[in-house]
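Visitor: sequence and predicted structure below; questions after.
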Amino acid sequence: MIAAMATDAPAQRPPEASGATLPAGSRPSADVGLSPLSPDAGLSPLSPEDEAHNRSRRGVSSWALYDLANTIFSFNIVSYLAPLWVLAIYERLGRGQGEGNLVWGLAIALSMLLNAIVSPVMGAVSDRAGVRKPFLLFFTALCIVPTALGGILGDATGFGFLGLYFWWGLAILAVANFGYQAALIYYDAMLPEVSAPETRGRVSGIGVGLGYVGTIVGALVVRVFGFHDGKPTEFGFVLTAVLFAVLALPVFVVIRERRGRTAHALTKIDLRGSWSQIARTARHASEFPGLLRFLVARLLYTDPINTVIQFMAVFATAAVGYSEADAQTVLILVTVVAIVMSFVWGFVVDRIGPKRTLSTVLGLWVLSLVLAAATLDRTLFLLVGALAGAALGGTWVSDRVFMLRLSPPELVGEFFGLYGLSGKFSAVTGPVIWGLTLFWLEPSMGRDAYRIAVLAQLALMVAGFLVLQGVTEPPSRAAIRETAKA
């Protein structure tokens, strides 16, 4: 199956599939940073039957199930099991929560930094190769296998696994996170293959909504089979890996890609040329109105979002005062809000556009962070969580559609590399800022140090919101058609 997928290629959408267009008088091969080997060279078009198949209920469902699968990993491992495991070790050693937060933040930051360095190349290589699925398969496996190896860590609360075992555990979890983040480049770039421009918001919303269903499914499976005496165990890592593998399989089996270049042609792709391509694209970013400013805004507003994802269980237990089991229950209830609102936001995007939707979503984030910093009350935390859950679903629904609106269709893969790059660099700085704040302040301030850490994230969110307001949203496909008719 892997060999077969290596010879396939995705359907490149025609120019009208996106609101972004090439500047007047420009030529893709010379003016926008493409190498002589353009994404369309030597590729046969996808048949109408295959295109209809990809956009059918079966095709959309298979694509969206991957969102369900990888969100199980994000919640169970990145947000819950791994950070609690690290903090438990440091508390057992008497080293304090601040140092534990910093160590986990640095582990995540290093994996994200490596991902940020290579993601532009991976996106450009994908465009040149004309394929998505082989890359998606490789990095999905790179996430699943190390996650399963997490089963050797011992009790997820850290007992009996100190010294080299602890550092080995951190290393394989960092590799798993690297694979998870890298796979998102190719998964997001497949959205045009399973949706028409006028349904893109709804399809994106379905994926995000099913992702949060996956959060609940994964959390409940770990709660039933991966807990002992009220605490999570190492079996939760294995369960998460199995769920990810099973639920990710349909996207590789069902989605069809057009036949493209041979394996021999792929070996000629020059990585240095890919970096040159990215450099040229960056230099010419001003030719794509609003793109560069949007990526800067994304760098700022995804910083606190990534930090919330990675430290939500820590905040609930260490700052608010929930037990591990109660914190998981609260997070599951919060996820229900995210599920409902993800579907709602999908329709909102199609109705009012991605920019207005994203601005509204970021406003909700600001409100939730203000309330989180104002008080650590257990009851109020439910409201904070509900607001954050609603905003979390809306962020991914709207901002990847906005990115597609801003990007020319022939450079979707490459520009999603830049899109991922902005989020990945924020995922480097966010956890480090959080960890350093608590490392310096937690020993003297106790749980109030978490309020200061939240305020630092709030400042970045406000900055991202303000930068976004300067981005002009390109017209939709329908608007372009109406203008052409007039």
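Guide: Perfect, I can see it now. Numbering: from 1, shown residues only.
Visitor: now for A338: which residues touch it?
Guide: The neighbours of A338, taking C-beta atoms under 8 Å, 6 or more residues apart in numbering as the test, are Y212, T215, G389, A390, L392, G393. For the C-beta atoms, the positions are set from N, CA and C on the backbone; glycine is no exception.
Visitor: may I ask which two of those residues are separated the most?
Guide: The span of the contacts of A338, defined through C-beta to C-beta, is set by T215 and A390 at 14.2 Å.
Visitor: so the two - more neighbours on which side?
Guide: Neighbour totals were compared for T215 and A390, and T215 leads with 26 against 22 (other C-beta atoms under 10 Å).
Visitor: in a strand, the more buried one, correct?
Guide: No. According to DSSP: H, G, I helix; E, B strand; the rest coil, T215 belongs to no strand; its state is helix.
Visitor: tell me the pLDDT at it?
Guide: Looking at T215, its pLDDT stands at 81.
Visitor: what comes up buried for stretch 210-225?
Guide: L210, G211, Y212, V213, G214, T215, I216, V217, G218, A219, V221, V222 (16 or more other C-beta atoms under 10 Å).
Visitor: in those, find the pair that's most separated.
Guide: Taking C-beta to C-beta as the measure, the buried residues of stretch 210-225 reach their widest spread between L210 and V222, a distance of 18.5 Å.
Visitor: what would the buried residues of stretch 210-225 look like in a markdown table with distance to D188?
Guide: Shown next, in a markdown table, are the buried residues of stretch 210-225 (distance: C-beta to C-beta, whole Å):
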| residue | distance to D188 |
| --- | --- |
| L210 | 15 |
| G211 | 12 |
| Y212 | 17 |
| V213 | 19 |
| G214 | 17 |
| T215 | 19 |
| I216 | 23 |
| V217 | 22 |
| G218 | 21 |
| A219 | 24 |
| V221 | 26 |
| V222 | 27 |
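Visitor: what packs against the helix or strand harbouring I172?
Guide: In this assignment (DSSP states H and E), I172 forms part of helix 164-189. For helix 164-189, the packing partners by 3 or more C-beta pairs under 8 Å, 6 or more residues apart in numbering; DSSP states H and E come out as helix 57-73, helix 82-92, helix 97-129, helix 133-149, helix 412-445.
Visitor: determine which of these approaches D229 most closely.
Guide: The closest approach between D229 and any of those, judged by C-beta to C-beta, belongs to helix 82-92 at 13.7 Å.
Visitor: pLDDT of that closest one, averaged?
Guide: Helix 82-92 shows a mean pLDDT of 83.
Visitor: now L243: closest residue in space that isn't a chain neighbour?
Guide: Spatial nearest neighbour of L243, excluding adjacent residues (C-beta to C-beta, 6 or more residues apart in numbering): I72 at 5.1 Å.
Visitor: ok, that neighbour touching G214?
Guide: Yes. If you go by C-beta atoms under 8 Å, I72 and G214 touch, sitting 4.5 Å apart.
Visitor: tell me, what's touching the two both at once?
Guide: Residues touching both I72 and G214 (C-beta under 8 Å, 6+ apart): L243, L247.
Visitor: show the pLDDT at the residue lying closest to G226 once chain neighbours are set aside.
Guide: Nearest residue to G226, sequence neighbours excluded (C-beta to C-beta, 6+ apart): G236, at 3.5 Å. Per-residue confidence (pLDDT) for G236: 87.
Visitor: next: the one 10 residues further on.
Guide: V246 carries a pLDDT score of 95 in this model.
Visitor: contact partners for it?
Guide: So V246 contacts A69 (C-beta under 8 Å, 6+ apart).
Visitor: hmm, 10 Å instead?
Guide: L65, A69 (C-beta atoms under 10 Å, 6 or more residues apart in numbering).
Visitor: phi, psi for it please.
Guide: Dihedral pair for V246: phi -70, psi -50, per degrees, to the nearest 10.
Visitor: list the helices and strands the helix or strand hosting V221 packs on?
Guide: Using DSSP H and E, V221 sits within helix 200-225. Packing partners of helix 200-225 (3 or more C-beta pairs under 10 Å, 6 or more residues apart in numbering; DSSP states H and E): helix 57-73, helix 164-189, helix 235-254, helix 324-352, helix 354-374, helix 378-406.
Visitor: just the angle between the shortest one and helix 378-406, please?
Guide: Per axes from the mean of the first three to the mean of the last three C-alpha atoms, to 10 degrees, the angle that helix 57-73 makes with helix 378-406 is 130 degrees.
Visitor: now helix 57-73: average pLDDT?
Guide: Throughout helix 57-73, pLDDT has a mean value of 90.
Visitor: buried set for it?
Guide: For helix 57-73, burial by neighbour count (16+ other C-beta under 10 Å) applies to 59-73.
Visitor: so which elements touch that helix?
Guide: helix 48-54, helix 133-149, helix 164-189, helix 200-225, helix 235-254, helix 324-352.
Visitor: same list, those, but as CSV with distance to E91 please.
Guide: CSV is the format used below for the helices and strands packed on helix 57-73 (distance: least, C-beta to C-beta, whole Å):
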stretch, distance to E91
helix 48-54, 49
helix 133-149, 24
helix 164-189, 13
helix 200-225, 21
helix 235-254, 19
helix 324-352, 12
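Visitor: buried ones in stretch 311-326, by neighbour count?
Guide: Under the neighbour-count criterion of 16+ other C-beta under 10 Å, stretch 311-326 has F311, M312, A313, V314, F315, A316, T317, A318, A319, V320, Y322, E324 buried.
Visitor: my bad, stretch 443-450
Guide: By 16+ other C-beta under 10 Å, the buried positions in stretch 443-450 come out as A449, Y450.
Visitor: quick one: that stretch to chain centroid distance?
Guide: A distance of 30 Å separates the centroid of the chain from that of stretch 443-450, by C-alpha atoms, centre = their mean, to the nearest Å.
Visitor: what does stretch 106-118 give?
Guide: Centroid separation for stretch 106-118 versus its chain: 14 Å, with C-alpha atoms, centre = their mean.
Visitor: could you give the mean pLDDT of it?
Guide: 88.
Visitor: and what of stretch 145-160?
Guide: Stretch 145-160 shows an average pLDDT of 64 in the prediction.
Visitor: same check on stretch 415-435?
Guide: For stretch 415-435, mean pLDDT is 82.
Visitor: can I get that stretch as CSV, trimmed to CA atoms?
Guide: The C-alpha coordinates for stretch 415-435 follow below in CSV (Å, rounded to 0.1, in the frame of the first residue of the first chain):
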residue,chain,number,x,y,z
PHE,A,415,2.3,28.2,2.0
PHE,A,416,0.9,25.7,4.5
GLY,A,417,4.5,25.0,5.4
LEU,A,418,4.8,28.7,6.2
TYR,A,419,1.4,28.6,8.0
GLY,A,420,2.7,25.7,10.1
LEU,A,421,6.0,27.5,10.6
SER,A,422,4.3,30.5,12.3
GLY,A,423,2.3,28.2,14.7
LYS,A,424,5.3,26.0,15.4
PHE,A,425,7.6,29.0,16.4
SER,A,426,4.8,30.1,18.7
ALA,A,427,4.7,26.6,20.2
VAL,A,428,8.4,27.1,20.9
THR,A,429,8.1,30.4,22.7
GLY,A,430,4.8,29.8,24.5
PRO,A,431,5.8,26.8,26.7
VAL,A,432,9.2,28.4,27.4
ILE,A,433,7.6,31.6,28.6
TRP,A,434,5.1,29.7,30.7
GLY,A,435,7.8,27.5,32.2
